[in-house]
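In: Build the 3D model from these lines:
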Amino acid sequence: MKINLGCWRSIMKWYVNVDCIPGPWVDQVFDLDIYPRPLATDQIDEYFCDNILEHLDYDKTIREIHRTLKKWWLVIIKVPYFSNPWAFFADHKCFFNYDSYNKFCNNIWSTTDMQEPLFEMAHRKITFLYEYKKWLIKYLLCIFYALPKLFYMINPRLYIWLLSYFFPASEIHWKLKKI
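Out: Residues are numbered from 1 along each chain as shown. Now for the predicted structure:
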C-alpha cells in the first residue's frame, strides 16, 4: 500500500489518499496530529508527503512514518525551503533546510547523535522557482537563477551560506529509505 499523506486535492492514482479533511477525493480520513496513526506497523510500501510535513510535528511524524513503512521502502518528502517566503505561513510548525533530515540518516554526517538511525538518505535536492514555471517566465527566471544554481551544483553549502537569502529556493525534496 502506498500513502499520499495530506493529499488535500492532489489525488494520486495507485495511492491511498489520506487527509484530515473529508472530501470525495480522500480515501481515508484521520487526524494527522494524533500518534500513533491508525496504520499497521511495517505495512506501507511508500509515503508521498507533498507540502504537508511543515504543518505537523517534525519529530513525531518522521518516527510514525518509520514505524509504519516496510523495510527498504521509501518516503518521498517535499517541503518549502526555509528561505522561501511561502515557508513563513502561520500554520507552519517548522522550517526545513538542506540538513533537516541528517539526524535520522545513517549515511549522512550529523551534528546530533542518533543511537538508532531510522533511514538512509537516497536523494536530496533543492529546487528553484524556475523549475516549475512555464514558457517565457521560465527562461527569464532561469537566467536570474543561473548564478545560484551554479553555486548549488558546485557545492550545495556554497549556495546555502552565500546566496540562499538573496535567491530563495522554492522547495527541498528528499527520498529516505527505511533501514
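
In: hmm, which helix or strand of the chain has the shakiest average pLDDT?
Out: Least confident helix or strand of the chain, by mean pLDDT, DSSP states H and E, is helix 135-144 with a mean of 74.

In: Can you mark which positions in that one are buried?
Out: Leu141 (16 or more other Cβ atoms under 10 Å). Where you see a C-beta, it was placed from the backbone N, CA and C, and this is true even at glycine.

In: which element follows it toward the C-terminus?
Out: Using DSSP states H and E, the next helix or strand after helix 135-144 towards the C-terminus is helix 146-154.

In: what does the next helix or strand after that next one rub up against?
Out: Going down the chain from helix 146-154, the next helix or strand is helix 156-158, by DSSP H and E. The contact list for helix 156-158 (Cβ atoms under 8 Å, 6 or more residues apart in numbering) reads 98, 126, 151-152.

In: What residues sit buried inside helix 156-158?
Out: Pro156.

In: To what extent is Leu129 buried, counted in neighbours?
Out: Residues lying near Leu129 (other Cβ atoms under 10 Å) number 18.

In: Model confidence at the closest residue to it other than its chain neighbours, what's the number?
Out: Closest residue to Leu129 apart from its sequence neighbours, by Cβ to Cβ, 6 or more residues apart in numbering: Ser170 at 4.8 Å. Listed pLDDT for Ser170 reads 89.

In: count of residues packed around Ser170?
Out: Ser170 is flanked by 20 other residues according to other Cβ under 10 Å.

In: right, and it touches Leu141 too?
Out: No. Using Cβ atoms under 8 Å, Ser170 is not in contact with Leu141, being 10.2 Å away.

In: Report the buried residues of the longest strand along the chain.
Out: Secondary structure of the chain per DSSP state E: the longest strand is strand 69-80. Residues of strand 69-80 classed as buried: 69, 74-80 (neighbour count, 16+ other Cβ under 10 Å).

In: quick one: strands adjacent to it?
Out: Applying DSSP bridges to the sheet, strand 69-80 is found paired with strand 44-50 (parallel), strand 171-178 (antiparallel).

In: now those strands in a markdown table, with distance to Ala87 and mean neighbour count?
Out: Below are these laid out as a markdown table (distance: least, Cβ to Cβ, whole Å; neighbours: other Cβ atoms under 10 Å):
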| stretch | distance to Ala87 | mean neighbour count |
| --- | --- | --- |
| strand 44-50 | 15 | 19 |
| strand 171-178 | 9 | 20 |
